[in-house]
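K.L.:
below is the sequence, then the predicted model.
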Amino acid sequence: MIVFDRVSVTYPGAASPALRDVSLSIGEGELCLVVGPTGAGKSTLLRAACGLVPHFSGGLLEGRVLVDGRDTRTHPPRDLADVVGVVVQDPASGFVTDSVEEELAYGMEQLGVSPAVMRKRTEEVMDLLGLSALRGRPLADLSGGEQQRVAIGAVLTNHPRILVLDEPTSALDPAAAEDVLAALTRLVHDLGMTVLLAEHRLERVVQYADRVVVVGDDGTVRDGTPAAMLAGSTVAPPIVDLARLAGWNPVPLSVRDARREAAPLRERLRAPARGGAAGGDDEGPGARPGSARPRTTAPDQVLLAAADIHVRYGRTTAVRGAGLTVHAGEVVAVMGRNGAGKTSLLWALQGSGPRTRGEVLVRRPDADDGPEPPRRGPLGARRGGRRSAKLLSGRWLDPAEVRPADARRSIALVPQNPADLLYLDSVAAECAAADRQAGVGPGTTAGILARLGGDVAQPLGSSDPRDLSEGQRLTLVLAIQLAAAPRVIVLDEPTRGLDYATKRRLADALAAHASGGGAVILSSHDVEFVAECAQRVLVMADGEVVADGSAREVLVASPTFAPQVAKILHPLSLLTVRDVREALAGSR
Amino acid sequence: MHPLAWWGWALGLAVATTRTTNPVVIALVLAAAVLVVVACREDVPWARSFRGYLVLGACIVGLRVVFYVVVGIKTPGVVLLALPRVSTPGWAVGVDLLGPVTLTGLLMALYAGLRLATLVVCFGAANALADPRRALRSLPASLHQMGTAVVIAVSVAPQLVASSAAVRRAQRLRGEAARGLSSVVRTAVPVLADSLDRSLSLAASMDSRGYARALPGRSSRGVSALLLSALLAAVLGLYGLLDGTSPAWLGLPVLAAGSLAAVTGSVLAGRRVQRTRYRPDRWGARESLVAGCGVVAAALLITATATDPAALDPSLQPLSWPTLPPVALACALLAAAPALLGSTVADHGRTAS
């Protein structure tokens, strides 16, 4: 259906091509997964397959792309609309109308489909994707998963033979992502649709793929069966890492296959557990010695205490009665469905967002490290009475009541869209501005940035922040926020669009911040990332905190939030490949 | 309810308003428009903007009076406020600042302000009652592209507001005060970058879904020329129709010629682009009644200006109390009648066809 014939794409002003000499042929009915590090030419490959490159992006396309026999050179995207359906990363940005039903019909109206056929196809697509309950709803009121399904439905009504999707699940919670992927597999299996799909979170999709196309950093492309391509790839989901550790061959790609292989491994891991404490106990072999809560500062020092937080926007209540206490050295993950109130809670904690009711206290940056009253947080000390002025003037402050410039010295937030914080034209200028705003010596932010970047070549001073990759931009904003040396750092959905290597570096940076006496609160849909870096998990539903416990307790027990390793090794409470490795080392 | 029915009704009211300076008649039409909006509007975003049109109308009346007091031509009459006259330098010939405020002049300013405010409120009423997007969807195929551009422009404004709020909130996280010129620059860069990205992504999405897909081998030059001349004729014709003093040939004949050009252009353009409409709004008896109320009200007042001009243009020199001619009362009642018609069913045109 799609043929790439020695295709190279060079964007205007770029030194090297984004795609280099790509020859690829994707047959009918294949689900083809495009993987690769952030910033490699994944999106370029997808956009070339539907004519958006070069008709929309500009640039030079050498070679030939044939889509169902039509050359994209002579066919702009609109002339391919009846063959290829495109779903972009942020579905809301592609909506043309404002209600579900009209959006589904829009493409057909453009193609001149007769009204009777339009009515029939809208109903069919609504059944296929489970949209009939939403038909009259305004698009803006839908949740992320619903919007993504509508976006897929809106291109399906044109009856395309090919579906091109750019990270369709990156903004979705695990359950919504499952819905979308289930719909996609149904299209492939039942309707013989060809699907070209880019995704960072391979653990979600690789089991459905017929073929994997790996786009390298230099723009070259390799393709093959999923097992063959992933076995040697640096970009690999935990299941593949586990297979490498356990020496399984061929590499299993679904949890089901892996569980069959995993019986001996489970046995090996279980053996020492009988001698020690019961499995699941934090002191058992499953405990993670490497990531145990570091206690470099005073034990159990409370950095943030919040109680009974309510956030209301007009008539809707986003957060109702949430509370948490965060100690030094903790990495706390907040999880939950799209729209469960995670973002509202994080903004309310930081003090910049609205807070209708409730109390947030954060340790002052200059507070002494004296011991806390035993088992009494700062809120406990004033329970039942008015807030005592002495308490506030002493060790604690309410971030909503001080100037933003002071609040960020105690608690800083990296928002969902980090680019909102950036407004200058070079990384160096951003760093200098951050030094000035934080009142620290020149070069501090640049130093933090260099440290966070680790061994990876970080953006040079003169490059424009808007040209950075998602991961680089996140690192830059994190460095800017860390310049004011806050003890508590809050991150809202930091893992969107990050590849495995970048996520690992982020996890390391957060762990370093926590072990230096700070604390991290982050929200994420990415269960693997949370399993990797968080010690504690809060689950929110409908504005309330429904679970608060160690990552192990919360994640292992949950059907939606369990990471792959936990599913594979089920009765054992191990979350990550690192846990397994350490447990094996301990048993030897 | 078909959105164009509301526009027909509101246009009728607007035409009626332009035919009279009688404040009682204008106030009645204004009241009728407000009544219908209050009775028929639904709880939707575009209906909430009606309050803004009312405020705008009040501002127009206020401004008109202020202008009269400061720079207006001071007609003779009963002096209410003896302000000193300030002469302006030679280059501003004929403009005097301040001067004695007379009852006649003040009333003239008030009447004119009220008339303009009522026109604005009529426009606002149509906007509040008919979803602007659905109204644009009812446009003929040739205007479809323009309609889509307008729809996108309409949706950009709230997006810009939301996006700049998000950016300002995010900037506060850096500890910057959200005031002053530098904060405008700090907000503008990410907001504009964001809206550019959005527009590009929307354009890409529309294109890849077949927007503006033309049948091969047809030229669009003739269509453009026809549509341009139709637009010109529409502007001239409307001016002639609304301004009672212009020559007769400038009114309906030019409008008719323009319509003819528009229809021809539409047909030609419609042949080029093949597209269909999903669940078009239907024009039924109720729609005819609503639009008819406005049109008949306008027609009543137009005939009344011919038969009884004095009653619709109350004399200000010498001053006299405005009267309420029965025909104007009938017109106001007709204008308010859709309050009964529209409110009975709040179907929003969604019933299955």
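P.N.:
Received the coordinates, thanks.

K.L.:
now find how far off-centre the helix or strand where residue B:32 lies is within its chain.
P.N.:
For residue B:32, the enclosing helix or strand under DSSP states H and E is helix B:23-40. Centroid separation for helix B:23-40 versus its chain: 15 Å, with Cα atoms, centre = their mean, to the nearest Å.

K.L.:
buried set for it?
P.N.:
Within helix B:23-40, the residues scored as buried using 16 or more other Cβ atoms under 10 Å in any protein chain shown are B:23-26, B:28-30, B:32-34, B:36-37, B:40. For the C-beta atoms, the positions are set from N, CA and C on the backbone; glycine is no exception.

K.L.:
check stretch A:143-159 too.
P.N.:
Neighbour counts using 16+ other Cβ under 10 Å place A:144-159 of stretch A:143-159 among the buried residues.

K.L.:
also stretch A:419-426?
P.N.:
Buried-residue list, stretch A:419-426, by 16+ other Cβ under 10 Å: A:419, A:420, A:421, A:422, A:423, A:424.

K.L.:
start to end distance for it?
P.N.:
Distance across stretch A:419-426, first residue to last, is 13 Å (Cα to Cα, to the nearest Å).

K.L.:
and for residue 174, the neighbour number?
P.N.:
Went with chain A since none was named. Neighbour count of residue A:174, defined by other Cβ atoms under 10 Å in any protein chain shown: 20.

K.L.:
actually chain B
P.N.:
Neighbour number of residue B:174 under other Cβ under 10 Å is 25.

K.L.:
equivalent analysis for residue A:315, please.
P.N.:
5.

K.L.:
after the helix holding residue B:32, next one along is what?
P.N.:
helix B:45-48.

K.L.:
buried residues in that following helix?
P.N.:
By neighbour count on 16+ other Cβ under 10 Å, the buried set for helix B:45-48 is B:46, B:47.

K.L.:
close to chain B: what parts of the stretch 251-400 of chain A are there?
P.N.:
Residues of the stretch 251-400 of chain A found near chain B (Cβ under 8 Å from any Cβ of the partner chain) are A:347, A:350, A:352, A:353.

K.L.:
which of these fall in strands?
P.N.:
Using DSSP state E, no member of these falls in strands.

K.L.:
rebuild the residues you listed as TSV, extending it with neighbour count and pLDDT.
P.N.:
Formatted as TSV, those follow (neighbours: other Cβ atoms under 10 Å in any protein chain shown; pLDDT from 0 to 100):
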residue	neighbour count	pLDDT
A:347	22	94
A:350	30	93
A:352	22	89
A:353	18	88
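
K.L.:
biggest separation within the residues you listed, which pair?
P.N.:
The most widely separated members of these, counting by Cβ to Cβ, are A:350 and A:353 (6.8 Å).

K.L.:
my guess is residue A:302 contacts residue A:367. True?
P.N.:
No. Applying Cβ atoms under 8 Å as the test, residue A:302 and residue A:367 come out as separate, 10.6 Å apart.

K.L.:
more neighbours, those two?
P.N.:
Neighbours were counted for residue A:302 and for residue A:367 using other Cβ under 10 Å; residue A:302 has more, 22 against 16.

K.L.:
dihedrals phi and psi, that one?
P.N.:
Note on residue A:302: backbone dihedrals following degrees, to the nearest 10 are phi -80, psi 130.

K.L.:
if it is in a bridge, with which residues?
P.N.:
Beta-bridge pairing for residue A:302 (DSSP bridges): residue A:327.

K.L.:
with residue B:98 instead?
P.N.:
Beta-bridge partners, per DSSP bridges, of residue B:98: residue B:85.

K.L.:
give me the distance between it and chain A.
P.N.:
47 Å (Cβ to the nearest Cβ, to the nearest Å).

K.L.:
roughly how far apart are the residue nearest the centre of chain B and residue B:170?
P.N.:
Centroid-nearest residue in chain B, with Cα atoms, centre = their mean: residue B:123, separated by 3.4 Å. Distance of residue B:123 to residue B:170, computed by Cβ to Cβ, to the nearest Å: 37 Å.
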